[in-house]
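*Asks:* the amino acid sequence is not available; the structure is as follows:
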């Protein structure tokens with residue numbers, strides 16, 4: 001594709017020859033002389049001098065001498081859209097594989113693509129243009145919207161409600177039983193029936209082997225635009241606010257409520273029955289034992305303000321020498337008769 005055509009498709013401003021042929025998109029280190037790359041993080045600015053790319057997507061104020069550029073307000077987003085042009089997502093052809101098992105009363109929308117060994121139980125409703133790859137399992141009375149894409153071995157349990165444009169990656173389980181047990185007099189545990197459901201709103205993606213548990217009563221809800229990374233656990237009765245990100249191996253105990261635009265980085269743990277306000281960012285491996293006010297960045301365990309945590313972290317490495325110095329002071333004070 002010519003660079004000028006690409007600029008039009010991406011809504012960016014071209015600075016350079018419009019007839020330059022672009023064969024694909026790659027990172028700054030890997031790009032060939034016929035490929036497009038991008039710069040969104042200032043710390044990689046030095047690579048502008050070494051990249052072999054034919055052209056570079058940059059922000060409005062980035063200077064790139066003697067190099068064709070596409071200027072965009074959001075270079076990373078523009079790069080993502082360029083990837084779609086050169087590597088469009090594959091959609092299998094419509095049809096139902098002969099090995100798939102569908103209950104007689106299943107309601108399918110237009111153009112379904114149902115792969116090998118898919119099982120869909122009674123009372124299920126699927127919207128238009130849904131894709132179910134091999135071995136997907138949808139339990140009874142689940143309701144699924146348009147353009148649903150479930151990769152192999154994803155499971156949607158009974159009564160779950162899923163909106164439009166939802167993607168489940170491999171091995172996702174939506175609506176498995178919440179972790180609910182009542183202790184009995186003899187010390188054993190009695191299973192609490194998980195009679196609630198899970199509601200997933202539009203434009204949500206849940207990535208590989210993540211689990212979204214159903215509520216004991218009521219619902220677990222992932223609101224519009226939520227993105228859930230691999231191996232995340234969302235406990236029963238949680239409510240995850242719009243456009244929040246739950247990164248790899250994050251875990252939420254039951255009945256947590258997250259506001260909008262919350263980011264839980266990798267391996268963050270959240271105790272049960274907490275409220276986390278809008279725009280909170282919890283850095284990797286933070287442990288959150290109590291409610292968090294909106295618009296905060298927190299770190300550590302127990303999670304505290306990120307700026308304070310950074311100061312504490314700098315001190316931790318020096319604790320042995322600080323303690324040794326303290327002991328010397330104490331010993332000196334005792335020698336001169338000061339009681340401690």
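*Replies:* Great, that's in hand. For clarity, every value in this text was computed on a predicted model and none was experimentally measured.
*Asks:* for this structure, what's the longest helix?
*Replies:* Longest helix in the chain by number of residues (criterion: DSSP state H): helix 319-335.
*Asks:* which residues does that helix contact?
*Replies:* Contacts of helix 319-335 from elsewhere in the structure, counted by Cβ atoms under 8 Å, 6 or more residues apart in numbering, are 315, 340. To be clear about C-beta, it is placed using only N, CA and C from the backbone, and glycine gets the same treatment.
*Asks:* let's see 7 Å
*Replies:* Helix 319-335 is contacted from outside by residue 340, using Cβ atoms under 7 Å, 6 or more residues apart in numbering.
*Asks:* ok, stretch 146-161 next?
*Replies:* Residues outside stretch 146-161 that contact it (Cβ under 7 Å, 6+ apart): 109, 126-143, 162, 164-176, 197-199, 214.
*Asks:* in helices only, show me the residues you listed.
*Replies:* Per DSSP H, the contacts of stretch 146-161 never map to helices.
*Asks:* so how far is the longest helix of the chain from its chain's centroid?
*Replies:* Mean C-alpha position of helix 319-335 versus that of the full chain (Cα atoms, centre = their mean, to the nearest Å) differs by 48 Å.
*Asks:* and that helix, which residues are buried?
*Replies:* Under the neighbour-count criterion of 16 or more other Cβ atoms under 10 Å, helix 319-335 has nothing buried.
*Asks:* what is the mean pLDDT for that helix?
*Replies:* In this model, helix 319-335 has a mean pLDDT of 91.
*Asks:* okay, and which of the contacts of stretch 146-161 map to strands?
*Replies:* 126, 131-132, 137-138, 143, 162, 167-168, 173-176, 197-199 (DSSP state E).
*Asks:* quick check: the farthest pair among those residues?
*Replies:* Spanning the widest gap among the ones in strands among the contacts of stretch 146-161 are 131 and 197, at 23.2 Å by Cβ to Cβ.
*Asks:* what's the burial count for residue 241?
*Replies:* 22 (other Cβ atoms under 10 Å).
*Asks:* quick one: it and residue 263 touch, right?
*Replies:* No: the pair residue 241 / residue 263 is not scored as a contact, 11.2 Å apart, by Cβ atoms under 7 Å.
*Asks:* wasn't residue 79 part of a helix?
*Replies:* Yes: assigned with DSSP: H, G, I helix; E, B strand; the rest coil, residue 79 falls within a helix.
*Asks:* and the nearest residue to it once chain neighbours are set aside, what is it in contact with?
*Replies:* With sequence-adjacent residues excluded and distances taken as Cβ to Cβ, 6 or more residues apart in numbering, residue 79 is closest to residue 38, at 3.9 Å. By Cβ under 7 Å, 6+ apart, the contact set of residue 38 is 56, 57, 75, 76, 79.
*Asks:* swap in residue 132?
*Replies:* Neighbour list for residue 132: 114, 115, 118, 150 [criterion: Cβ under 7 Å, 6+ apart].
*Asks:* hmm, try it at 8 Å
*Replies:* Counting by Cβ under 8 Å, 6+ apart, residue 132 has contacts 112, 113, 114, 115, 118, 120, 138, 148, 150.
*Asks:* for it, name its beta-bridge partners.
*Replies:* Here residue 132 sits in beta bridges with residue 114, residue 150, as judged by DSSP bridges.
*Asks:* tell me the spacing between it and residue 153.
*Replies:* In this view, residue 132 and residue 153 are 11 Å apart by Cβ to Cβ, to the nearest Å.
*Asks:* and if you look at residue 58?
*Replies:* 41 Å.
*Asks:* who has more neighbours out of these two?
*Replies:* Comparing residue 58 with residue 153 by other Cβ under 10 Å, the one with more neighbours is residue 58, at 24 against 18.
*Asks:* hang on, isn't that one packed against residue 74?
*Replies:* No: here residue 58 lies out of contact with residue 74, judged by Cβ atoms under 8 Å, at a distance of 11.1 Å.
*Asks:* grab the nearest non-local neighbour of residue 60.
*Replies:* Closest to residue 60 by Cβ to Cβ, 6+ apart is residue 71, at 5.7 Å.
*Asks:* re the thing from before, kindly reformat the contacts of residue 132 as TSV containing neighbour count, distance to residue 300 and pLDDT.
*Replies:* Formatted as TSV, the contacts of residue 132 follow (neighbours: other Cβ atoms under 10 Å; distance: Cβ to Cβ, whole Å; pLDDT from 0 to 100):
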residue	neighbour count	distance to residue 300	pLDDT
112	21	48	98
113	18	46	98
114	25	48	98
115	20	45	98
118	22	45	98
120	27	46	98
138	28	41	98
148	25	39	98
150	28	37	98
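*Asks:* tabulate these (CSV), appending distance to residue 250.
*Replies:* Shown next, in CSV, are these (distance: Cβ to Cβ, whole Å):
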residue, distance to residue 250
112, 33
113, 31
114, 32
115, 30
118, 30
120, 30
138, 26
148, 24
150, 22
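*Asks:* show me the two of those residues that sit farthest apart.
*Replies:* It's 113 and 138 that sit farthest apart of the contacts of residue 132, by Cβ to Cβ, at 13.9 Å.
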